[in-house]
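>>> this one's sequence-less:
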């Protein structure tokens, strides 16, 4: 390459120009430390107008006493020892302003290698220091923000090394900041500390392939490349039963928008996931309930016809004949279908009930004999009544139904000999307890517990036991409605039910019913007396289903009553206007065209105040309740009904 300088003189001029134009301070001093030369950058940096102001003076004028002792003397020793040295040295201006510098000093030597001067280059690093302090302050604020966050939070750099690990992370995972910061062990959070599943994570870098494979995954790259990441994952080995964790992550950057790492959070959402599962389960059950309620009316009407006409046909036949036996099977099947329908409606909380205030202890005691017959002689039934038991308000038949289903369930879970324990007691739940139990509300409750020494259940089965038609029994051994019925009874009475079970360790069902203030009613035993026949009383039957209408007329006429029939409310009103005799009782369907049974009864009773009424319906309780026909003291018969049920209700209404 051709030399660009013409001669040494031109070369010196160019070098001098470069020195003068430099933004960094440059100075020469003799070996005693006196200034020989400095550029304008050095001059201005130290607050002087002209280099001649300090020419020939000692370099010490650019430092105060503290700087000389702490910075300059140690610095000069290193320069003498090494020949050239760079380091931070404090300087002071003519006006007394102190500023930090990065100074580089070297000895200038002659051709024989002997030093003859000192050359120094100084850079004011005040802004760098301020920037570093600002950065440290930002990092400190970030540290405190992360550390004080109640959500488990940690930070990683671009090499995936943890730089921050807050207290909430320690509490959730059991791993301390000392164990995690400076490592790539962040995914140890997915595993229980006492029994880690992937030993690869325990020691950094060995073998390391597992970590590398994970970080190459697209979803993790999205943290640093696409700008965000979130995920819900279940970790079966985290804790005793596993945990659902919700991860979020976002990139961190510097002032130049360069990615420096990522901030990540993780939350234990196990309770939320369980609540969501319970909500989905409740919605599924509600759907089944709506389906059951939707078909109940027509289905109950058909069952009423089947039951009624079959019963009447059997009365006209020889009980020893073949036709009688076949009709008996028809009747049994129809009654079974009736039971299933009522169980579905009970599960859906749409069955009609007659709640009264009860002493649950007395109610249970009346069923013990029946329950012992249900579970058999090989199983011991223990009864542990609670002292000073509070009252509840519910239909006594529902208590019997729930106990029967739970005891049958317990019996089927026990192989050979075993034990079933019935227990009652008072329980109070406060707000603090309910905060961790979303199914429970604060208040006072009466406990009814049924426990057994049977085979127990797995968690998967426990999650499904209250679903209608779910059963673990063999085909034709169960409908899967027993526990669904119990669930419906409890919920209809504003209570809740819990189950505790483990395979091989039996099962405990705990029913909690709200405490009810009041005096307990006596349990009425079913009368075994023969139903008195009719005495010729006139009954007006109003029913829009012609088959039901014909069935009821046949039953009542055979029972000794005079029967008038009408297919619509308007027809009934017209009939009673033109009828000259006395009508003793109105038997009417509740839901009909033109007007409902309650409206018809009120209209007729305004004309005939002594007219007794009995209502009948195949609709669900929620449909007919607001029409006033389920009020206390009102006579009501639920379809499908048997001949005996209808005759009892009619006779009672007339006698009242």
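On my side now, so go ahead. Keep in mind that what you see is a predicted model, and the values were worked out from it rather than measured.

>>> Test my guess that residue 372 contacts residue 381.
Yes. Counting by Cβ atoms under 8 Å, residue 381 is a contact partner of residue 372 at 5.3 Å. Backbone N, C-alpha and C define where each C-beta goes, glycine included.

>>> So what does residue 304 have for phi and psi?
As for residue 304, its main-chain torsions (degrees, to the nearest 10) stand at phi -60, psi -40.

>>> thought it was touching residue 637?
No. If you go by Cβ under 8 Å, residue 304 and residue 637 don't touch, sitting 9.8 Å apart.

>>> more neighbours, the two?
Set residue 304 next to residue 637 and count neighbours by other Cβ atoms under 10 Å: residue 304 wins out with 26 against 20.

>>> residue contacts, the more buried one?
Contact analysis of residue 304 by Cβ atoms under 8 Å, 6 or more residues apart in numbering lists 548, 551, 618, 639-641.

>>> Where does confidence bottom out across those?
Least confident entry in the contacts of residue 304, by pLDDT: residue 618, with 73.

>>> Excluding chain neighbours, give the residue nearest to that residue in space.
residue 300 (3.1 Å; Cβ to Cβ, 6 or more residues apart in numbering).

>>> likewise residue 376?
Leaving aside its chain neighbours, residue 376 sits nearest to residue 411 (6.6 Å; criterion: Cβ to Cβ, 6+ apart).

>>> Shouldn't that neighbour be within a helix?
Yes. Applying DSSP: H, G, I helix; E, B strand; the rest coil, one finds residue 411 inside a helix.

>>> returning to what we had before: looking at the contacts of residue 304, which one is closest to residue 276?
Using Cβ to Cβ, residue 618 comes nearest to residue 276 of the contacts of residue 304, at 36.2 Å.

>>> pLDDT score for the residue nearest to residue 376?
On the pLDDT scale, residue 411 gets 91.

>>> State the number of residues packed around it.
So residue 411, with other Cβ under 10 Å, has 19 neighbours.

>>> so what's it up against?
For residue 411, the contact set (Cβ under 8 Å, 6+ apart) comprises 374-376, 379, 420.

>>> Among the residues you listed, name the buried ones.
374-375, 379, 420 (16 or more other Cβ atoms under 10 Å).

>>> Those in helices, which ones?
374-375 (DSSP state H).

>>> now for the contacts of residue 304, which pair is the farthest apart?
The distance between the two most remote of those (Cβ to Cβ) is 12.7 Å, for 551 and 618.

>>> ok, so of the contacts of residue 411, who is nearest residue 544?
Set against residue 544, the nearest of the contacts of residue 411 by Cβ to Cβ is residue 374 (40.5 Å).

>>> For the closest one, which residues are in contact?
404, 407-408, 411.

>>> Using JSON lines, lay out those together with secondary structure and distance to residue 31.
Shown next, in JSON lines, are those (DSSP: H, G, I helix; E, B strand; the rest coil; distance: Cβ to Cβ, whole Å):
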{"residue": "404", "secondary structure": "helix", "distance to residue 31": "112"}
{"residue": "407", "secondary structure": "helix", "distance to residue 31": "109"}
{"residue": "408", "secondary structure": "helix", "distance to residue 31": "110"}
{"residue": "411", "secondary structure": "helix", "distance to residue 31": "109"}
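
>>> who wins for neighbours among those residues?
Ranked by neighbour count (other Cβ under 10 Å), these have residue 407 at the top, with 22 neighbours.

>>> any idea how far that one lies from residue 392?
Separation of residue 407 from residue 392 (Cβ to Cβ, to the nearest Å): 19 Å.

>>> where are the low-confidence patches of the stretch 401-550 of the chain?
The stretch 401-550 of the chain contains residues with pLDDT under 70 at 436-439, 472-480, 518-529.

>>> in it, which spans are helices?
431-435, 459-462, 482-492, 546-558 (DSSP state H, counting those that start in this stretch).

>>> picking up where we left off before, kindly state the pLDDT recorded for the residue nearest to residue 618?
77.

>>> And the one 5 residues further on, by the same measure?
Reading off the confidence values, residue 305 has pLDDT 85.

>>> That one: what's its closest spatial neighbour, skipping adjacent residues?
In space, and not counting its chain neighbours, residue 305 is closest to residue 547: 4.6 Å by Cβ to Cβ, 6+ apart.

>>> Tell me how many other residues crowd the one you found.
By the criterion of other Cβ under 10 Å, residue 547 has 15 neighbours.

>>> For residue 643, see how far away it is.
15 Å.

>>> starting at the chain centroid, how far to stretch 395-414?
Relative to the centre of its chain, stretch 395-414 is centred 30 Å away, using Cα atoms, centre = their mean, to the nearest Å.

>>> For the contacts of residue 374, name the two members farthest from one another.
Every pair of the contacts of residue 374 checked by Cβ to Cβ; the farthest is 404 and 411, at 10.5 Å.

>>> so what's residue 118 bridging to?
Going by DSSP bridges, residue 118 is paired in beta bridges with residue 29, residue 107.

>>> Please list all residues in contact with it.
Residue 118 neighbours (Cβ under 8 Å, 6+ apart): 28-31, 33, 79, 105-108.

>>> Find me the pLDDT at it, would you?
As predicted, residue 118 sits at a pLDDT of 90.

>>> ok, it to residue 263 distance?
Distance from residue 118 to residue 263, counting by Cβ to Cβ: 49 Å.

>>> Just give the number of residues close to residue 105.
Based on other Cβ under 10 Å, the number of other residues close to residue 105 is 24.

>>> Is it correct that it is in contact with residue 85?
Yes. In this structure, residue 105 is within contact of residue 85 by Cβ under 8 Å, at 6.1 Å.

>>> Overlap of the contact sets of these two?
The contact lists of residue 105 and residue 85 share 75, 79, where a contact means Cβ under 8 Å, 6+ apart.
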